[in-house]
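>>> No letters, just coordinates:
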């Protein structure tokens, strides 16, 4: 193992060491051993077994025979069976009739995004407005779990877990790329000429818009209602808990609730599997770009297999050990990478452009939220909103599980404001650097994308190769791809295991292993038979039902707050801040000195 680690380091920082001496598959295996062994070791290290890990996300430890019996007998057959059958049928149809399957799914998804674009835009704006109300209003003062409830995790850990679970490797994939694509094909709202100086501001602004407050609000409007009903009404930890005001805590084992949980499992597995497929292509593109090797058909299998191993080990060891540790490594790498890029990149230009884009984002937020700009908005904004809503079940459920002892205001601040600030800083830095590299001619990144048939996977590697310390940046970028994807996939594995188990039964280790391997198997199938983009479009379609359910959840939460929290002395943020301001005495309030 040590020899492999030394060989991996030599190859990473001395790419000529690889050359023609090592095959692509061998070098990929060495790279994966380097990254995967470290993360897997970290996940399984013994921890403080007396720590207060969330019972809601706890696991039952069983032997092999008990695992098999429990897996068969303790799963909800509908929640387990429907997604498994749908994915199997999709992969079979894609292999047998690729053109027809792709055409049918694309036609349906395109029609939905065009016809219901106004609905998605309006729903996201409502979600943002409701989050602002919870942040500032009196209901934000509600403490989940009661006045004496204490948080399970420290605030830094709480933020780290939410941020890394909800963003996945999309932030790595699109960070250096999205602004470039908007620069090449400017959004109609800003009416700028392609590749012009005027197009730069609009490109950055729209990237911030797609990854900022609006996106994260989709998670909060699912997570906050679930958390309230779980900790205040005794509802089970399920996405269907949002129906508690209408069905009651004891009515969540009915068909409507099971349909909601089944859709949540399908959306989660579809979203994670397609994300794994996309980032595996990005990782393999990085291997090919940096070391000039090709991996063939074995590459996807090796990459997804290594990633699945990390995901399963991390999920099985639980939130307090594997998931928390990988999340911590993720944020540390995220910050380190950003610091290095800021140090070697055009920080002055990025700061100027970023400040202008932030101002434009603030000024144009409401108009952008309501702008129905034809095909461009449907393909970018509406698609993004649907995608974020399709991830909202798993991310919102995870936020809810972690939030006992937190005030609603803290949950919204962390899950919307703090996470948005982190993603906005990333897109300003990476997007601004990519635009600078392209505009100054340091590298023709868009030309490289066109030469590879429009593949976004090469953007980051082209940009970092044009900067000082390019090899170090490439190494950190590859590490971020692996860690970001692992920290979302291990969370989704645990959440799906919770959703698929019968009500009142904690998932077993066998269930976690099954769902982790199942997600990996779907991703490998997509990479081998094609159809990753098609399955992604299919998963995005689940964003529509969850956008509707988010409005139902907000209506129910409003009714519950009005009935149960009115008159309990909750203070708005404005009132609380005002009470802490020093009192200014006037001359009428000043008592005369004693004589």
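Right, received. Where do you want to start? Bear in mind the structure is a predicted one, so any value in this text is a computation, not a measurement.

>>> all helices of the stretch 101-250 of the chain, in order?
117-136, 155-167, 170-174, 178-184, 197-211, 213-233, 244-247 (DSSP state H, counting those that start in this stretch).

>>> from the chain's centre, how far out does stretch 561-579 sit?
Offset of stretch 561-579 from its chain centre (Cα atoms, centre = their mean, to the nearest Å): 32 Å.

>>> which parts of that stretch are buried?
561, 565, 570, 572-573 (16 or more other Cβ atoms under 10 Å). C-betas here are computed from N, CA, C, even on glycine.

>>> top helix in the protein by residue count?
helix 255-291 (DSSP state H).

>>> Quick one: distance of it to the chain centre.
For helix 255-291 - counting by Cα atoms, centre = their mean - the centre lies 11 Å from the chain centre.

>>> Let me know the angle separating that helix from helix 213-233.
Helix 255-291 and helix 213-233 are oriented at 140 degrees to each other (axes from the mean of the first three to the mean of the last three Cα atoms, to 10 degrees).

>>> what's the distance between the most centrally placed residue in the chain and residue 464?
Using Cα atoms, centre = their mean, the residue of the chain that lies closest to the mean C-alpha position is residue 167, 2.3 Å off. Distance, residue 167 to residue 464, by Cβ to Cβ, to the nearest Å: 20 Å.

>>> tell me the pLDDT at residue 151?
pLDDT recorded at residue 151 is 92.

>>> re the thing from before, out of the helices of the stretch 101-250 of the chain, deepest packed?
helix 213-233 (a mean of 27; mean count of other Cβ atoms under 10 Å).

>>> what is the rounded mean pLDDT of that helix?
The model assigns helix 213-233 a mean pLDDT of 94.

>>> next one: stretch 503-512
78.

>>> Pull out the buried residues from it.
Neighbour-count burial for stretch 503-512 [16+ other Cβ under 10 Å]: 505-512.

>>> before we move on, back to that, mind putting the buried residues of stretch 561-579 in a markdown table, secondary structure included?
Output for the buried residues of stretch 561-579, formatted as a markdown table (DSSP: H, G, I helix; E, B strand; the rest coil):
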| residue | secondary structure |
| --- | --- |
| 561 | helix |
| 565 | coil |
| 570 | coil |
| 572 | coil |
| 573 | helix |
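
>>> With distance to residue 86 and pLDDT as added columns, please give those residues in TSV.
Below are the buried residues of stretch 561-579 laid out as TSV (distance: Cβ to Cβ, whole Å; pLDDT from 0 to 100):
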residue	distance to residue 86	pLDDT
561	36	91
565	40	78
570	44	75
572	45	72
573	44	72
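
>>> Would you agree residue 480 is in contact with residue 336?
No: checked against Cβ atoms under 8 Å, the pair residue 480 and residue 336 is beyond contact range at 9.5 Å.

>>> Show me which residues of the host helix or strand of residue 480 are buried.
Using DSSP states H and E, residue 480 sits within helix 470-500. Within helix 470-500, the residues scored as buried using 16+ other Cβ under 10 Å are 472-500.

>>> Next up, the contacts around residue 219.
Applying Cβ atoms under 8 Å, 6 or more residues apart in numbering to residue 219 gives the contacts 166, 388, 391-392, 395-396, 399, 415-416.

>>> Please list all residues in contact with the residue nearest to the centre of the chain.
For residue 167, counting by Cβ under 8 Å, 6+ apart, the contacting residues are 419, 423, 484, 488.

>>> Just the closest of the residues you listed to residue 256, please.
residue 488 (28.2 Å; Cβ to Cβ).

>>> Burial check on the closest residue in space to the closest one that isn't next to it in sequence, number of neighbours?
Nearest residue to residue 488, sequence neighbours excluded (Cβ to Cβ, 6 or more residues apart in numbering): residue 168, at 3.8 Å. By other Cβ atoms under 10 Å, 25 other residues sit near residue 168.

>>> phi, psi of residue 168?
Main-chain dihedrals, residue 168, degrees, to the nearest 10: phi 60, psi -160.

>>> ditto for residue 508
According to degrees, to the nearest 10, residue 508 has phi -90, psi 170.

>>> who does it bridge with?
Here residue 508 sits in beta bridges with residue 60, going by DSSP bridges.

>>> That one and residue 501: what is the separation?
8 Å.

>>> which SS class is residue 569?
coil.

>>> ok so, going back, just send the contacts of residue 167 back as JSON lines, with distance to residue 145 and pLDDT too.
Below are the contacts of residue 167 laid out as JSON lines (distance: Cβ to Cβ, whole Å; pLDDT from 0 to 100):
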{"residue": "419", "distance to residue 145": "22", "pLDDT": "95"}
{"residue": "423", "distance to residue 145": "29", "pLDDT": "95"}
{"residue": "484", "distance to residue 145": "30", "pLDDT": "86"}
{"residue": "488", "distance to residue 145": "26", "pLDDT": "86"}
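
>>> three-state assignment of residue 443?
Taking three-state DSSP, the label given to residue 443 is coil.

>>> roughly how far apart are the closest residue to residue 470 other than its chain neighbours and residue 338?
Distances taken as Cβ to Cβ, 6+ apart put residue 464 closest to residue 470, at 5.2 Å, once the chain neighbours are dropped. The spacing between residue 464 and residue 338, counted by Cβ to Cβ, is 13 Å.

>>> Please identify which of the two sits among more neighbours.
A count of neighbours by other Cβ under 10 Å puts residue 464 above the other of residue 464 and residue 338, at 32 against 17.

>>> thought that one was touching residue 478?
No: assessed by Cβ under 8 Å, residue 464 is found out of contact with residue 478, at 10.3 Å.

>>> What are the neighbouring residues in contact with residue 528?
Residue 528 neighbours (Cβ under 8 Å, 6+ apart): 297, 300-301.

>>> now that we have these, which one has the most neighbours?
Among the contacts of residue 528, residue 300 has more neighbours than the rest - 23 neighbours, counting by other Cβ under 10 Å.

>>> who's in contact with it?
Residue 300 neighbours (Cβ under 8 Å, 6+ apart): 277, 280-281, 284, 524, 527-528.

>>> measure the closest residue to residue 489 other than its chain neighbours to residue 341 for me?
Nearest residue to residue 489, sequence neighbours excluded (Cβ to Cβ, 6+ apart): residue 311, at 4.4 Å. For residue 311, the distance to residue 341 equals 27 Å [Cβ to Cβ].
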